[in-house]
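J.: missing the sequence, but the structure's below:
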């Protein structure tokens, strides 16, 4: 199994007037090197079809049900990994004398398939 590289992605969040609100940084995996059947078995994207959403809204309207909306953006990041995934040490943060060592991930990162 080949270890996956890591990189930092930085982003500026701005206010409506253009001034900087906050600086954000996210550690992501270079998942494009993963191969189907070798590094992962299936990819999952939790996206509902518009027809399903319309059907649920129609049912709620017909039965006078209350509708609540829940937006979960990062739920998959808290999931334990089922596969064994190794990542390289982050460039600039290698442990002296152990540059050839890798880390085993316990939880998902952005960019993994």
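T.: On my side now, so go ahead. Everything numeric in this text was worked out from a predicted model, so none of it was measured.

J.: can you pull out the strands in the protein?
T.: 6-14, 20-29, 86-88, 102-104 (DSSP state E).

J.: any weak-confidence spans in the chain?
T.: Scanning the chain for pLDDT under 70 picks out 1, 31-46, 71-78, 110-113.

J.: which residue ranges form the helices in it?
T.: Ranges of helices in the chain, per DSSP state H, are 50-62.

J.: indicate which one of the strands of the chain is closest to residue 79.
T.: Proximity to residue 79 (Cβ to Cβ) singles out strand 20-29 among those, at 14.1 Å. Every C-beta, even on glycine, is put in place using the N, C-alpha and C of the backbone.

J.: quick one: residues in contact with that closest one.
T.: Applying Cβ atoms under 8 Å, 6 or more residues apart in numbering, the contact partners of strand 20-29 are 4-15, 87, 90, 109-112.

J.: kindly report the same for stretch 47-63.
T.: Outside stretch 47-63, the residues within contact range by Cβ under 8 Å, 6+ apart are 65, 66, 67.

J.: cutoff 6 Å now
T.: Stretch 47-63 has contacts (Cβ atoms under 6 Å, 6 or more residues apart in numbering) with residue 67.

J.: buried sites along that stretch?
T.: Buried residues in stretch 47-63, defined by neighbour count with 16 or more other Cβ atoms under 10 Å: none.

J.: how near is residue 66 to residue 57?
T.: Going from residue 66 to residue 57 by Cβ to Cβ, to the nearest Å gives 12 Å.

J.: and for residue 105?
T.: 39 Å.

J.: try residue 107
T.: Residue 107 is 34 Å from residue 57, by Cβ to Cβ.

J.: please identify the deepest-packed of the strands of the chain.
T.: strand 86-88 (a mean of 17; mean count of other Cβ atoms under 10 Å).

J.: mind giving me the packing neighbours of that one?
T.: strand 102-104 (3 or more Cβ pairs under 6 Å, 6 or more residues apart in numbering; DSSP states H and E).
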